[in-house]
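Student: test case, fold it:
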Amino acid sequence: MNSNNENAPCPDDADTTGSDDPQWLEACRREEAIRELLGRSAGDRLRTSDVEDVALDLGISRATLYRLVAIYRETPTVEALQPKPRGRSKGALALDKSRHKLIRQTIREVYLKPQRPTLTHLVEQIHLRFVQHGWPLPDRRRAMLDFR
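Tutor: From the prediction side, this is the model:
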């Protein structure tokens, strides 16, 4: 969340002084559309045709709109509807440090030799060591990320 927008009002059609942060403006657009959608609904049930129309207007899937509605019902704020960045944050590890260390150690011990074995053999050795530690096996691609 952008702290300088948390208390900023959403701009209406006549207001040009609102925030110019694209994520904040998108959250405002989502909040307005969801508020109107919930206003049209009878109780907790949303009409499928209304959901399809609003999802199309927002440029999102129906499933995403249903997720946003659930979030908004739990926390009815604009901040809750701000778009989230996709994927893992930069620098975040898919495996913990001890598993990365084991992969790197296996690469050094098994692969970085004058006569290199196949990559398949390397992955098999990584899997073997993970089994010995009682860990779930990493995907072949995940194991090879430490190889680069």
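
Student: give the helix, strand or coil label for residue 30.
Tutor: Applying DSSP: H, G, I helix; E, B strand; the rest coil to residue 30 yields a three-state assignment of helix.

Student: how much space separates it from residue 127?
Tutor: Going from residue 30 to residue 127 by C-beta to C-beta, to the nearest Å gives 44 Å. For the C-beta atoms, the positions are set from N, CA and C on the backbone; glycine is no exception.

Student: the two - which one has more neighbours?
Tutor: Set side by side, residue 30 and residue 127 show more neighbours around residue 30, with 24 against 16, by other C-beta atoms under 10 Å.

Student: return the residues in contact with the closest residue to that one other than its chain neighbours.
Tutor: Once flanking residues are discounted, residue 30 sits nearest to residue 81: 4.3 Å by C-beta to C-beta, 6 or more residues apart in numbering. Neighbouring residues of residue 81 by C-beta atoms under 8 Å, 6 or more residues apart in numbering: 27, 30, 31, 34, 68, 71, 72.

Student: now do the contacts for residue 145.
Tutor: Counted by C-beta under 8 Å, 6+ apart, residue 145 has contacts residue 94.

Student: quick one: pLDDT of it?
Tutor: pLDDT recorded at residue 145 is 71.

Student: following the helix or strand encompassing residue 36, which helix or strand shows up next?
Tutor: Assessed by DSSP states H and E, residue 36 sits inside helix 22-40. Following helix 22-40 in sequence order, the next helix or strand is helix 48-58 (DSSP H and E).
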